[in-house]
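S.K.: the sequence isn't on hand, but the structure is:
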């Protein structure tokens, strides 16, 4: 997984198939602006930090949101992410 802040997307590279897919938005309505961190949780959710939007998104591989943390939740300009394995 690659957070590409310049392109405003998260890239998912699958080495077995040499396939590259891109996620550029959440729920087909919120476009990433500056994704700076990405990881995968133990249950397969993709966690994306967008510092410019001041949000942390938990999404599936199709870009559908599971939950969103944002400024009202206490985030000012998030930049890092880590998913602990259960």
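M.R.: The structure has been received and is ready for your questions. Since the model is a prediction, treat every value here as computed from it, not as a measurement.
S.K.: which residues are in contact with the residue nearest the centre of the chain?
M.R.: By CA atoms, centre = their mean, the chain has its centre lying nearest to residue 48, at 2.1 Å. Contact analysis of residue 48 by CB atoms under 8 Å, 6 or more residues apart in numbering lists 3, 10, 23, 26, 32, 35, 37, 38, 56, 57, 59, 81. Where you see a C-beta, it was placed from the backbone N, CA and C, and this is true even at glycine.
S.K.: beta partners for the first one?
M.R.: Residues in a beta bridge with residue 3, per DSSP bridges, are residue 10.
S.K.: report the buried residues of stretch 19-39.
M.R.: 23, 26, 32, 34, 35, 36, 37, 38, 39 (16 or more other CB atoms under 10 Å).
S.K.: which of the residues you listed sits closest to residue 67?
M.R.: Comparing those against residue 67 with CB to CB places residue 26 closest, at 10.7 Å.
S.K.: can you tell me how far that closest one sits from residue 46?
M.R.: Separation of residue 26 from residue 46 (CB to CB, to the nearest Å) stands at 10 Å.
S.K.: how about residue 36?
M.R.: Distance from residue 36 to residue 46, by CB to CB: 14 Å.
S.K.: what's the answer for residue 11, then?
M.R.: If you go by CB to CB, the gap between residue 11 and residue 46 works out to 11 Å.
S.K.: can you give me the strands for the protein?
M.R.: Counting by DSSP state E, the chain has strands at residues 2-4, 9-14, 19-23, 25-26, 30-31, 35-40, 46-50, 55-59, 65-69.
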